[in-house]
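> Next comes the sequence, and after it the predicted model I'd like to discuss.
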Amino acid sequence: MAAAFGLVFAGFVAWLEVDQAALLSTAARLQMQALPYAIEQQRLARNLEVMRLEGERVLAGKTPQARQQALFIVSLMASHPSVLEQRDARALATEAERFLAAVARSGAPDADTLAEWKRLSQRLSLAADDITVDGVSLANREAEQMGEIVRQARYKLRSVLVLVLLFLGGLLLLIRRLLIRPLQQIDASLAGLKDGTAPPPPPGSALHEMQSVEAAIGQLRTVMHEHAQTRLALEQLASTDALTGLDNRRHFMQLAALEFERARRHERPVAVALADLDHFKQINDRYGHAAGDAALRAFADLVRATLRHADLACRYGGEEFAFVFPETTPAEALVLAERLRHALSVHSVELADGRRLQFSLSVGIADGDGLSLEEALSCADDALYRAKAVGRNRVVLGGEAGGGRVLPFRADD
Ligand SMILES: Nc1nc2c(ncn2[C@@H]2O[C@H](COP(=O)(O)OP(=O)(O)OP(=O)(O)O)[C@@H](O)[C@H]2O)c(=O)[nH]1
């Protein structure tokens, strides 16, 4: 496009240069020929006019001296180089000079002489007019030609201006299509690349360099997406118990500490619980380790289905599980734990050989109010110990909330 524009533009410039040369040569002609010619013709016309006027004086002269003086000037004009150079003027001037010389010699003119002079005078006057017009018309023609060249040049300049505007408009459109829009798309893609989910910029540019950038962003997106997936997977691994899918103990302790801090700051209730599957060793021994694993997974599913979304649950270790119940009083925690215990008591796990396995749960609960997380867990551990001690498959509220007593909370299954 730039090359085409350059060619057309150069053509216009060359065209304008032709006009400029024509203008210069016309101006030179006007200066060197037309104006001197006009001045020469003016001089000739003036001489003929002077001849005519002096001829009038010859005819009107009262004395021979006056007529001779006027005739002398007539002769001077008739022999002027400007008159002699022009054939028609010279002939007319000679004719007038001879006629006036005769008149000057003969004295007072008669009617025929006056009539003859009148004709000669008219011819002199007309010749002077014609010569004046002729001199000016050449200069006029040259001046008109210069005006025409200037007018043409103005049209051409306007055409060049329109061409330049069209080129600039086209250039802007191209820049927008090939550079600005792809850059905006690349910018949007870069802005959304943080999580690796941003789509790569659609191919928007015909420019090779821009396509390379777009392709690089597509690759970067893929790498970042994989990186984000890997990071998520690692975070999951680092915070989740592989067997049950519940939070692991380390992650649980972090979340629980935050929850305790929040409850303490806002003076809100919070409760904790420790749960232990009963006689789990027997399950392993009787049905095998895989059955024990299946039981642990089934219990985790039950936890997820039974507890509220805001409750925290983790595999605390082995067959032991820990819970934090935010915004929950000890009495409400008892209800929650009992709901879980009851759900397990009516649940059975189908083993690989088709047999169904049933097992129970003991839970110790503690009020977190005024305690640290560790203190509350220790209190719940005591309650769990008591639940085991008084027969298992029950929920026990420990600490002061339990009134210093073991409170078996066992519903009828
Ligand atoms: N299958 C399986 N068993 C586990 C896992 N973790 C711990 N155990 C077993 O769980 C059993 C826990 O037994 P104990 O601590 O004696 O307690 P228990 O048999 O449940 O008896 P109580 O707690 O007093 O009711 C051990 O035999 C462990 O090997 C596990 O991930 N999978």
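It's in.
> Please spell out which residue in this protein sits farthest from the middle.
If you look at how far each residue of the chain sits from its centre, by C-alpha atoms, centre = their mean, the farthest one is residue 106, at 103.1 Å.
> What's the separation between it and residue 115?
15 Å (C-beta to C-beta, to the nearest Å). All C-beta atoms are positioned from the backbone trio N, CA, C, and that covers glycine.
> can you check residue 126 too?
Using C-beta to C-beta, one gets 17 Å for the distance from residue 126 to residue 115.
> sec struct for residue 271, please.
Secondary structure, DSSP: H, G, I helix; E, B strand; the rest coil: residue 271 is strand.
> Run a quick neighbour tally on it.
By other C-beta atoms under 10 Å, the residues close to residue 271 number 29.
> right, and it touches residue 322 too?
No: assessed by C-beta atoms under 8 Å, residue 271 is found out of contact with residue 322, at 11.8 Å.
> Now do the same contact list for the residue lying closest to residue 13 once chain neighbours are set aside.
Using C-beta to C-beta, 6 or more residues apart in numbering and skipping the chain neighbours, the partner closest in space to residue 13 is residue 160 (7.9 Å). By C-beta atoms under 8 Å, 6 or more residues apart in numbering, residue 160 lies in contact with 9, 12, 13, 16.
> Just give me the residue right at the centre of this structure.
Closest to where the C-alpha atoms of the chain average out (C-alpha atoms, centre = their mean) is residue 180, at 4.8 Å.
> Residue 174 versus that one, what's the distance?
Counting by C-beta to C-beta, the gap from residue 180 to residue 174 is 10 Å.
> Show me which residues of the least confident helix or strand in the chain by mean pLDDT are buried.
Sorting the helices and strands of the chain by mean pLDDT, DSSP states H and E puts helix 181-191 at the bottom, at a mean of 77. Neighbour counts over helix 181-191 (16 or more other C-beta atoms under 10 Å) mark 182, 185, 186, 189 as buried.
> Any chance of CSV for those residues, columns distance to residue 82?
CSV is the format used below for the buried residues of helix 181-191 (distance: C-beta to C-beta, whole Å):
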residue, distance to residue 82
182, 80
185, 84
186, 84
189, 89
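> tell me which of those is nearest to the ligand?
Proximity of the buried residues of helix 181-191 to the ligand (C-beta to the nearest ligand atom) peaks at residue 189, which lies at 45.8 Å.
> Quick one: name the residues of this protein near the ligand.
For the chain, the residues in contact with the ligand (C-beta under 6 Å from any ligand atom) are 243, 276-281, 284, 289, 292-293, 296, 318-319, 388, 392.
> Identify the residues contacting residue 114.
Contacts of residue 114 (C-beta under 8 Å, 6+ apart): residue 59.
> From the ligand, how far off is it?
Look at residue 114 and the ligand: by C-beta to the nearest ligand atom, to the nearest Å, they are 155 Å apart.
> what helix or strand does that residue sit in?
Assigned by DSSP states H and E, residue 114 falls within helix 111-175.
> by how many degrees do that helix and helix 181-191 diverge?
Compare the direction of helix 111-175 with that of helix 181-191 by axes from the mean of the first three to the mean of the last three C-alpha atoms, to 10 degrees and you get 20 degrees.
> roughly how far out does helix 111-175 sit from the chain middle?
Distance of helix 111-175 from the chain centroid (C-alpha atoms, centre = their mean, to the nearest Å) equals 53 Å.
> Kindly report the same for stretch 261-268.
Mean-position distance between stretch 261-268 and its chain equals 51 Å (C-alpha atoms, centre = their mean).
> So for it, what gets flagged as buried?
residue 263.
> Need the residues that contact it.
269, 270, 326, 327, 368, 369.
> so which of the residues you listed comes closest to the ligand?
Distance to the ligand, by C-beta to the nearest ligand atom, is smallest for residue 368 among the contacts of stretch 261-268, at 24.0 Å.
> Does the closest one touch residue 271 like I think?
Yes: with contact defined as C-beta under 8 Å, residue 368 reaches residue 271; the gap is 5.8 Å.
> what sits in contact with each of those two?
324, 376.
> What pLDDT is listed against residue 325?
Listed pLDDT for residue 325 reads 98.
> Just checking: what are the partner strands of the strand or helix carrying it?
Element membership of residue 325, judged by DSSP H and E, is strand 320-326. Strand 320-326 pairs in its sheet with strand 270-277 (antiparallel), strand 312-317 (antiparallel), by DSSP bridges.
> mean confidence for the shortest one?
If you average the pLDDT over strand 312-317, you get 97.
> Going forward, count from 814.
OK, 814 is where the count begins now, so the last one is strand 1125-1130.
> Next, the contact list for whatever residue of the chain ends up closest to the ligand, please.
Nearest to the ligand, among the residues of the chain, is residue 1105, at 2.4 Å (C-beta to the nearest ligand atom). By C-beta under 8 Å, 6+ apart, residue 1105 lies in contact with 1093, 1096, 1097, 1132.
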